[in-house]
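Q: Quick one: sequence plus predicted model below, questions after.
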Amino acid sequence: MENKTASTKEEGFLTRMALNDNKAGMEGLDRDKINKIIMEASKGSRFYENELKREQQANQRIEKMMLQKAQITEQQLNKAQVQVKKMALALEKSRDLSRMIVHVDMDAFYAAVEMRDCPELKDKPMAVGSMSMLSTSNYHARKYGVRAAMPGFIAKKLCPNLVIVPTNFDKYRAVSDEIREIFADYDPHFQPVSLDEAYLDFTDHLEQRQSLPESARTHRYRISSIAAGTKLIEPLKKEESDLSPVLFEDSPSSSPCLLGSDGAGGACEVFGTSVEEAVREMRFRIEQKTTLTASAGIAPNMMLAKVCSDKNKPNGQYRLPPTRKAVMEFIQNLPVRKICGIGKVSEKMLNALGITTCSHLGQQMALLLLLFSETSCHHFIEVSLGLGSTHIPRHEERKSMSTERTFKELSKTEEQLSLCSELCEDLAEDMKKEGLKGKTVTLKLKNVNFEVKTRAQTLPYAVATKEEIFAVAKDLLKMEIENESPQPLRLRLMGVRVSAFSSSDDKTPMQKSIIGFLQPGRTNCSDSSKVKHQKPEKERLSDHPSVLLQPSPVKNGPKKEEAHWQSEQGDSGGRQADEKPQQSFFQRAHAKRLQLLVADVSTQQDGYEKNMCVTASVSTSSEESVESSTKANKNNYSVPELSTSDQNLASMSHARPQSLTCPVCFNQVDTNDLNVFNTHIDVCLNDAASKPKESTFSDEESDLDPEEERHECEGGQRQGEEEVEEEQLTNGEELEFGGVYVRKGQCSLKNNSVQKVSLIKGDNKHVTLQQPQSCHSKSPVFVCPVCHLTQDTDDLTVFNHHVDLCLNQEVLHELKGQTTFTINPPAVKNSKTEERGLFPPQQAGKGKSKRRDSPSSPPSKKAKSHGFCNTIDKFFR
DNA sequence: GCGGATCAC
DNA sequence: TATGGTGATCCGC
């Protein structure tokens, strides 16, 4: 019995992890032997157990699907069949066989580059990566079952002689640039998929090619002594590498060289005018330029081209003729797993229905229509007809940016917060390079059992700086820590992602945005103008199993390492994050007010700012330690020193594992439930509204519990500074700045470093900026009066910038007619007409669907802002 | 909008 | 000793 369970488990694991000899160079291997070794190396590990769990989940999905299948009636099936026929007919009508789509894929790219640069590796089994993970392997190693995405230590068991070379992305990027230069000669709008892969549309080139003189289709061999057709395996010498092919260069050699001639140009080869010849020429040029080989597929659409490029790998090409007959024959026995977008799980689900090839897909379409989602079915039916994208999409804007890191178990809160802070810093740096700002921050966690969790929060404004991102990520992390307490979170990976990027307008000056809004009929080319297609009503079983398909490989944006390159290709202009934005009248007026406010406060900030310098230098050094250890060995993450502010954070979260700080009353709210927390804030805001001119600013310490108070006094080293500050403070003094009142805080206790600044808005509601909460806290804590989030900075300029951003967002919302932040009924009323007049219908619709909480709506995060009336007129009155 | 899951490279 | 990082999409809530 036990044996049986064990073997079932092993089968389950192998379903996911076993060698698939799909991959080129993997045919005819001793599968059983290889799988046995993989199993022995994996069994009992946490990874193994997690894979089993996932396998079971997949099986449950299949079971559910099979149950549904059993309930399908003949009638339903017939009806679906009619529908399928209709769909197929429509699709057939739209079939376009006129394009010449090429998919190029470098052979074992990273490994090939390393072999080129280190000839000793040529005859050895080698792989690129680390003992933890391999990126790719050469063909020699593949004979042993060593493949990409396999951990190096297992690969070593399969092939003890395996040489593992660490990755060198700079090098691959450089080679990739060379290849892409060639791609651009055939299709200037080619689409890179990764460093070593791209889709090209050869249609236009072929048209032009017909009238190209033979000389323009003639290319020299890089090394003249090598006869045509043989592979170039010698390493490139420096002086040779500069020899370039004749085509597309202002080459003087107008007359074709004779094959095998030893003249100045060396041996030449003349390429014909057909698509095969053109692709062969491109591959030839790649090889001459880089000494690396590429494979290519030629077909009338991208889906087929991708499959074709795999057909004659390595160093080969395959052309699928552009006829319906040829396409359908090609598809006939093609395993579904070969289709881009159908992965392990989808394959398994389809297999469970008896579908293994694309022709099965066509035969079972009616069934699939009843069992799968509309998106999936659409993809399936297209695949079954051999259809795919016939035009290569232009550069698409990225939708998210993230950074994540795997490390040895990390369980201490302060270390986790510190790491989180670093990830945010790295991410902010990357985002700055592309001038991105996003509204959604997502924290990703993987525990030591390989269980992955994501936690996201969407803000009403876009964030970009480390402080802004960390402010959110930190809260998300703390929440998870608290949820797990008293057990610690035992992490092996942490990641931070920012998405929901603002449109280019949001990144550019406010003035432009406003003008854009006010110009009737002009589309404000923002992300919100790109509205997703509304899904039509589904005509299927209500609870269908879903297969998550990647409808088109091209939809995937560039991988991170290509982002830079992409932006060089694309427009990218005028989007620098450090660009000083032109300010609108509104912005200037408001900024001035804030500056006055901040200047006043900051005269009391010198002490803090000095401390900030210390903090900054500490975190810089810790960044380096991670940076280097990450690059050298990802699994050797060393915990950096905590910055002072992070230590404070850590200790705070330790002291109060179940609480969040209310930005209004500054009491700790004993919950980790955001809804509860929001309700609390709502109550506070209501209180603040009903009790103007007091209470938000409390000059006694009753807000803090005794324990908190004691903590605060432990630090003590800032006493001197505190005293100076106290001298500068006038208790209860209010300063008015154009309708915004600032009341400087007072400190009744010597050691109390609490300094609160109340903004009293036109409607007499108090917004509080909170300064350091405790003596040992070297970084003051600012709570944004607009978004109410703790801003993890003690730099007033940064904080000021953040508040500005928030306010700007609100102004934008106002102008768009999104009235989230107003409580003024008239604003709601007005906005409706504005929506119609000024915005494209989708946008108006979006605003409508998004934020029309009825008055009876329960308190929510969105509602919490209702206490502040940040309408334009109120702000700038 | 969120979270889990799948997929590609 | 040891199983990645980045980006995208889909689906069910």
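A: Perfect, thanks for sending it. Numbering: from 1, shown residues only, chains lettered A, B, ... in the order given.

Q: Confirm that A:Ile38 lies within a strand, as I assumed.
A: No: using DSSP: H, G, I helix; E, B strand; the rest coil, the assignment for A:Ile38 is helix, not a strand.

Q: Give me the distance between it and DNA strand B.
A: To DNA strand B, A:Ile38 is 18 Å away according to CB to the nearest atom of the strand, to the nearest Å. Every C-beta, even on glycine, is put in place using the N, C-alpha and C of the backbone.

Q: Could you do A:Gly12 as well?
A: Shown here: A:Gly12 relative to DNA strand B, a distance of 13 Å by CB to the nearest atom of the strand.

Q: Check which helix or strand the closest residue to that residue other than its chain neighbours maps to.
A: Nearest in space to A:Gly12, with sequence neighbours left out and distances taken as CB to CB, 6 or more residues apart in numbering, is A:Glu55 at 4.2 Å. Assigned by DSSP states H and E, A:Glu55 falls within helix A:46-71.

Q: Now do the helix or strand following that helix: which elements does it pack against?
A: Using DSSP H and E, the helix or strand that follows helix A:46-71 in sequence is helix A:74-93. Helix A:74-93 is packed against helix A:365-371, helix A:374-384, with contacts defined by 3 or more CB pairs under 8 Å, 6 or more residues apart in numbering; DSSP states H and E.

Q: among these, which is nearest A:Ala267?
A: helix A:374-384 (43.5 Å; CB to CB).

Q: and the closest one with DNA strand C, contact?
A: Yes: using CB under 7 Å from any atom of the strand, helix A:374-384 comes into contact with DNA strand C via A:374-376.

Q: out of those, which one sits closest to DNA strand C?
A: Checking those against DNA strand C with CB to the nearest atom of the strand, the nearest one is A:Thr375 at 3.5 Å.

Q: And the residue in chain A positioned nearest to DNA strand B, what's its pLDDT?
A: Nearest to DNA strand B, among the residues of chain A, is A:Gly343, at 2.2 Å (CB to the nearest atom of the strand). At A:Gly343, the predicted lDDT confidence score is 97.

Q: That one - how many residues pack around it?
A: 14 (other CB atoms under 10 Å).

Q: Same question for A:Gln60.
A: Going by other CB under 10 Å, the residues that sit close to A:Gln60 add up to 11.

Q: what sits against the residue of chain A closest to DNA strand B?
A: A:Arg337 (CB atoms under 8 Å, 6 or more residues apart in numbering).

Q: Name the residues of the helix holding A:Glu55 that come out as buried.
A: Across helix A:46-71, burial judged by 16 or more other CB atoms under 10 Å covers A:48-52, A:54-55, A:58, A:61-62, A:65, A:68.

Q: near DNA strand C, which residues of the stretch 251-400 of chain A?
A: A:373-376, A:396, A:398-400.

Q: one more time with 10 Å, if that's ok
A: Applying CB under 10 Å from any atom of the strand, we find that the stretch 251-400 of chain A lies next to DNA strand C at A:341, A:372-379, A:393, A:396-400.

Q: Are any of these buried, and if so which?
A: Neighbour counting with 16+ other CB under 10 Å marks A:341, A:372-373, A:376-379, A:398 as buried within these.

Q: Can you name the helix or strand that the closest residue to A:Gln210 other than its chain neighbours falls in?
A: Using CB to CB, 6+ apart and skipping residues adjacent in sequence, the residue nearest A:Gln210 is A:Thr273, 5.5 Å away. Using DSSP H and E, A:Thr273 sits within no helix or strand.

Q: Just list whatever residues bridge to A:Pro335.
A: On the basis of DSSP bridges, A:Pro335 is bridged to A:Thr357.

Q: State the distance from it to A:Lys79.
A: According to CB to CB, to the nearest Å, A:Pro335 and A:Lys79 sit 30 Å apart.

Q: go on, A:Lys36?
A: Distance of A:Lys36 to A:Lys79, given as CB to CB: 49 Å.

Q: do A:Val472 as well
A: Relative to A:Lys79, and taking CB to CB, A:Val472 is found at 48 Å.

Q: which of the two has more neighbours?
A: Comparing A:Val472 with A:Lys79 by other CB under 10 Å, the one with more neighbours is A:Val472, at 26 against 15.

Q: Buried residues of the helix or strand hosting A:Ala155, list them for me.
A: In the assignment (DSSP H and E), A:Ala155 maps to helix A:152-158. Buried residues in helix A:152-158, counted by 16+ other CB under 10 Å: A:152, A:154-158.

Q: Determine whether any part of that helix lies close to DNA strand B.
A: No: counting by CB under 10 Å from any atom of the strand, DNA strand B has no neighbours in helix A:152-158; the shortest distance is 16.4 Å.

Q: Next secondary structure after that helix?
A: Next element after helix A:152-158 (DSSP H and E): strand A:163-165.

Q: for A:Arg497, which residues make a bridge with it?
A: Counting by DSSP bridges, the residues bridging with A:Arg497 are A:Ser402, A:Thr442.

Q: circling back: for the residue of chain A closest to DNA strand B, give its distance to A:Arg209.
A: Distance of A:Gly343 to A:Arg209, computed by CB to CB: 37 Å.

Q: what about the residue nearest to A:Gln210, neighbour count?
A: So A:Thr273, with other CB under 10 Å, has 14 neighbours.

Q: Go ahead and confirm it touches A:Gln208.
A: No: with contacts counted by CB atoms under 8 Å, A:Thr273 stays clear of A:Gln208, the gap being 10.0 Å.

Q: what pLDDT does A:Lys433 get?
A: A:Lys433 is assigned 97 on the pLDDT scale.

Q: Validate this expectation: it resides in a strand.
A: No: counting by three-state DSSP, A:Lys433 falls outside a strand, being helix.

Q: What is the neighbour count of it?
A: Count around A:Lys433 with other CB under 10 Å applied: 14.

Q: try the one 10 residues further on
A: Per other CB under 10 Å, the neighbour tally for A:Leu443 reads 25.

Q: which ones are touching it?
A: Here A:Leu443 is in contact with A:420, A:454-456, A:473, A:476-477, A:480, A:494-496 (criterion: CB under 8 Å, 6+ apart).

Q: Which of those residues are buried, as a ChimeraX select command?
A: Per 16+ other CB under 10 Å, the buried members of these correspond to this ChimeraX selection:
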select /A:420,455,473,476,477,480,494,495,496
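
Q: Mark which of the contacts of A:Leu443 are part of helices, please.
A: Among those, the members found in helices (DSSP state H) are A:420, A:473, A:476-477, A:480.

Q: circling back to that earlier point, could you list every residue that touches the residue nearest to A:Gln210?
A: Contact analysis of A:Thr273 by CB under 8 Å, 6+ apart lists A:206, A:209-210, A:212, A:217.

Q: ok, it to DNA strand C distance?
A: Look at A:Thr273 and DNA strand C: by CB to the nearest atom of the strand, they are 37 Å apart.

Q: just A:Met150 next, same as before
A: On the measure of CB to the nearest atom of the strand, A:Met150 and DNA strand C end up 7 Å apart.

Q: Surely A:Asn483 is in a helix?
A: Yes: using three-state DSSP, the assignment for A:Asn483 is a helix.

Q: Let's see the pLDDT reported for it.
A: 96.

Q: for the record, mean pLDDT for stretch A:151-164?
A: Averaged across stretch A:151-164, the pLDDT comes to 98.
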